[in-house]
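Chemist: only the shape, not the letters, is given here:
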């Protein structure tokens, strides 16, 4: 079908387009299927620039291919500009276009090519021009079917035929202009004589292909294989059905002679089932993700051009330098300064919430050593870039190194680092005993932070853009020390308050568009971790609605068998992967890159699909959206967001206040409401409107430090929304859960990024007592949230939190309560063995085979439990040993730390009795061979699991003794009870090994307590004698003794 030069108007909703030629002839062509490349004429008509300006849509087979190929999905052919030649000659690159059309691989979000097997096809959501997204559905028709043609009168308005929609025209024209602009950038090189003709081959064609690749997605979803995921879901449903029949049997068959034991066991089992549901269903949509760092570089960080990557502020938090060694903090800071990211885009802020002079001096030494360490890392591309862990690697460090000077420079750098360590160790030794008059600085003035509870705010810029150069003369990232002001009578909110202070300081000094926070012991193990996060944050499709990118936590210094499940592999590699397919993972407190706008409490930029009501609202009110609600949402978003490229405030003098432009006054909140929300700082308020980061153009640099000191004053947050709606949320020692929860309720999504090389690595307490104290703090925070107004059970139903995401948050706050039924259930086996009773009805001779019926459901239940676990291990890649360690520590923590957390949380919330926040020790393993693992530290947390262990061991001994004395007929009922008790002991086995210490050397205190408890229990047992019936006891008492 030949076409002459003219105009064309397409209607996607009606799947037709109209052609109008100069000779007055016109026709409307309907298309319901798709045009194959072979069905086109093969000619590429060109349109002159004069006609292009007047035409609605350029005419040619390219339009037909773009609109119809592969069910309306846009191939790479659509990304090439149209011919710019002045004559109406065919395009100069037809071969490249045909290759792009036919050989273009599908990317994330695309739909495979339409096949005759498919009766309907849903086109992918895509963007044209202004970013408006549309989705259309096409029905497949046989290509052999004649295409109906309808005559159109060109003198009439095309709108009368349903064509020529102005909105559609504007979108296409906007798209054309964008493509022309991109092409102008590519062809500008050849105009200047830097290239030849634009062909599909050669250097110029490669540049065009490079420009095409730069527009590809920066990430993609790697789905779990369907054969694994579908079977996994089927087993979950079967397990749910089996649970229903199991509880039907348990409830309808009570044990009359042990009714109390039966009732307690049924209540515990019902709670376990509910807990399993809360944990299982958020893992219904597990996914993997993949990033493309090469595409990120092509789009935002090309060689020879200024980097367009977004600025990032990295936060490091520390409190006590004696529990968090300065050398550990120094390694974390060094790994940040040496990260593979433009130096002018990275700023590191260290929060010293203990105002320790030791931390200040150690950071000063670190900044000096960084001048040598950073150029060495970047020159030789070493990994990791924390010197302590780099030099400790037991690998071939010469692998892939080709520079002859590397060995010499590495040896010199190792010597420099050892000298640096000596200087840090000398500072630590000096700080062990503080002088009575307090610390003094080198100039003789007293250290302002001598009283950690009463001191002014302190800020020191060690490295920056004004003179912070390394030994090679290159610029270094900014390094800032911050210690917020503290005064008696103010609530400082611990870590959450310190992080909010860093948000304000960084906004005033650098104002990076994104924030990344790490604990002081979590160093950058992957120098490209920031770029990994930017593949999501700067992605056009995800960036505007992503509140944070969470990385998994990985740890060094863990014993080989991970006795106490310190790695948390099941949580990080199974639970968070599952949440990534729903609305995103929960925030775990470290290794997380935030969108600064999300921390400011702004709403995300959502699509129409995102604005659909959640499943609960749909089920109650239907899915019909009301126009009033949509207008309200748009108005609310307009009030919260403005164009970040327009300066909102005039800040020639930061103390003069805030002035908005008259024409935008209706869209801006008043100065009073802004100060009520963000605090009384004009510079900080202005920075909140800079969505792309950076400081407002009219900022006075001389006033920045003064303003930074002001925003970290202890009274700055009074009568503001900090900690309530903005920043890290207050109200719990686990502020991470609350902060992520508030963002998700606003409609933000989060991303789980697991690069092949772990982004961060940290240390974890391998000692039993330290590990239990850490778990106690986490569980206590969950109880605080459970008893607060932010409880996910009843908070946020008017927001955009998805149902499965809500179930996951409910599970994170109610899991400590499971400790109460868990302790009761673990004691039941011992009681059954000591009393001779059981929680399941026992079969009498010649009775109905109820036990066979019960046995079937017990076997099916255990089989479904193991099948679910095995299939989870299969799609997640977690090892069986990690899964078993997680199961063991679930029982250990549930019978100790979680139980204490429930009662401490009730005392704190209901009675106002506060518990002290204990900082987890980050001590290094200086003695080697995991010496810390075997150190025994007595704590009350050890009492409940020790009691459960002793009671079950005594029960086993008593049960076996009774069976031996009673004959073979008593062994049958004994097996079920023994299995129950052995199940408890196997789960507590790591705890038992922790009590025994190294080489089974039991501490004296454990021996004393064990002998005392065993003696008391034995005496009571002899006195009670529960196995002897009353009739036999009375007969025995009436018999004569030896002297009768």
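Modeler: Perfect, thanks for sending it. Small disclaimer: the values here were computed from a predicted structure and weren't measured.
Chemist: and the closest residue to residue 880 other than its chain neighbours, which of the three is it?
Modeler: Excluding its sequence neighbours, the residue lying closest to residue 880 (Cβ to Cβ, 6 or more residues apart in numbering) is residue 873, at 6.3 Å. Every residue, glycine included, has its C-beta placed from N, CA and C. With DSSP: H, G, I helix; E, B strand; the rest coil as the basis, residue 873 sits in helix.
Chemist: run through the residues that contact residue 873.
Modeler: 879-880, 883 (Cβ atoms under 8 Å, 6 or more residues apart in numbering).
Chemist: and it, what's its pLDDT?
Modeler: In this model, residue 873 is scored at 92, pLDDT.
Chemist: that one and residue 538, how far apart?
Modeler: Distance from residue 873 to residue 538, counting by Cβ to Cβ, to the nearest Å: 35 Å.
Chemist: what does residue 870 give?
Modeler: Applying Cβ to Cβ to residue 870 and residue 538 gives a distance of 39 Å.
Chemist: more neighbours, these two?
Modeler: Per other Cβ atoms under 10 Å, whichever of residue 870 and residue 538 has more neighbours is residue 538, with 20 against 13.
Chemist: mind listing what the spatially closest residue to residue 503 that is not a sequence neighbour touches?
Modeler: Spatially, and ignoring its direct neighbours in sequence, residue 503 is nearest to residue 727 (5.4 Å; Cβ to Cβ, 6+ apart). Neighbouring residues of residue 727 by Cβ under 8 Å, 6+ apart: 496, 499-500, 503, 599-600, 739.
Chemist: counting neighbours, what do you get for residue 408?
Modeler: Residue 408 - counted by other Cβ under 10 Å - has 10 other residues nearby.
Chemist: can you show me the strands along the stretch 251-400 of the chain?
Modeler: In the stretch 251-400 of the chain, the strands defined using DSSP state E, counting those that start in this stretch lie at 287-291, 312-318, 346-352.
Chemist: care to break this structure down by domain?
Modeler: Here the domain parsing of the chain from the TED database is 311-512+680-715, 939-1025.
Chemist: so which of those gets nearest residue 892?
Modeler: domain 939-1025 (4.8 Å; Cβ to Cβ).
Chemist: which element, helix or strand, includes the residue nearest to residue 895 when sequence neighbours are not counted?
Modeler: Nearest residue to residue 895 in three dimensions, chain neighbours excluded: residue 945, at 4.5 Å (Cβ to Cβ, 6+ apart). Assigned by DSSP states H and E, residue 945 belongs to helix 943-966.
Chemist: hmm, who's touching the helix or strand just after that helix?
Modeler: Once the chain leaves helix 943-966, the next helix or strand it forms, by DSSP H and E, is helix 971-987. For helix 971-987, the surrounding residues in contact (Cβ under 8 Å, 6+ apart) are 826, 828-830, 832-833, 838, 840, 842, 887-888, 890-892, 948-949, 952-953, 955-956, 959-960, 963, 992.
Chemist: 7 Å - rerun?
Modeler: 826, 829-830, 832-833, 838, 842, 887-888, 891, 948-949, 952, 955-956, 959, 963 (Cβ atoms under 7 Å, 6 or more residues apart in numbering).
Chemist: in ChimeraX, select just the buried ones from the residues you listed.
Modeler: This is how ChimeraX selects the buried members of the contacts of helix 971-987, with burial counted by 16 or more other Cβ atoms under 10 Å:
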select :826,829,830,832,833,838,888,891,948,949,952,955,956,959,963
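Chemist: leaving out the residues flanking it, which one is nearest to residue 463?
Modeler: residue 479 (4.0 Å).
Chemist: residues contacting the one you found?
Modeler: Counting by Cβ under 7 Å, 6+ apart, residue 479 has contacts 333, 337, 348, 367, 462-463.
Chemist: now with 10 Å, please.
Modeler: 314, 316, 333, 336-337, 346-350, 363-364, 366-367, 370, 460-464, 468 (Cβ atoms under 10 Å, 6 or more residues apart in numbering).
Chemist: same check, this time on residue 402
Modeler: Contacts of residue 402 by Cβ under 10 Å, 6+ apart are residue 380.
Chemist: phi, psi for it please.
Modeler: phi -120, psi -10 (degrees, to the nearest 10).
Chemist: so what pLDDT did it get?
Modeler: pLDDT recorded at residue 402 is 70.
Chemist: and it, how far is that from residue 381?
Modeler: 11 Å.
Chemist: what of residue 470?
Modeler: 16 Å.
Chemist: in this structure, where is pLDDT below threshold?
Modeler: 1-214, 465-468, 607-669, 843-851, 914-934, 936, 967-969, 997-1044 (pLDDT under 70).
Chemist: phi and psi next, for residue 455.
Modeler: Per degrees, to the nearest 10, the backbone of residue 455 is at phi -160, psi 160.
Chemist: could you list everything it pairs with in the sheet?
Modeler: residue 486 (DSSP bridges).
Chemist: residues contacting it?
Modeler: 355, 447-449, 483-487, 714.
Chemist: now the two most distant members of the residues you listed.
Modeler: 447 and 714 (18.6 Å).
Chemist: what about these two, which has more around it?
Modeler: Neighbour comparison, residue 447 and residue 714: the larger count goes to residue 714, with 21 against 17 (by other Cβ under 10 Å).
Chemist: now do the contacts for the residue nearest to residue 895.
Modeler: Per Cβ under 10 Å, 6+ apart, neighbours of residue 945: 772, 823, 826, 891-897, 899, 987-988, 991-992, 994-995.
Chemist: pretty sure residue 674 contacts residue 726?
Modeler: No - if you go by Cβ atoms under 10 Å, residue 674 and residue 726 don't touch, sitting 11.7 Å apart.
Chemist: overlap in contacts of those two?
Modeler: residue 688.
Chemist: returning to what we had before: of the domains of the chain, which stretch is the most buried?
Modeler: Comparing those by mean neighbour count (mean count of other Cβ atoms under 10 Å), domain 311-512+680-715 ranks first with a mean of 18.
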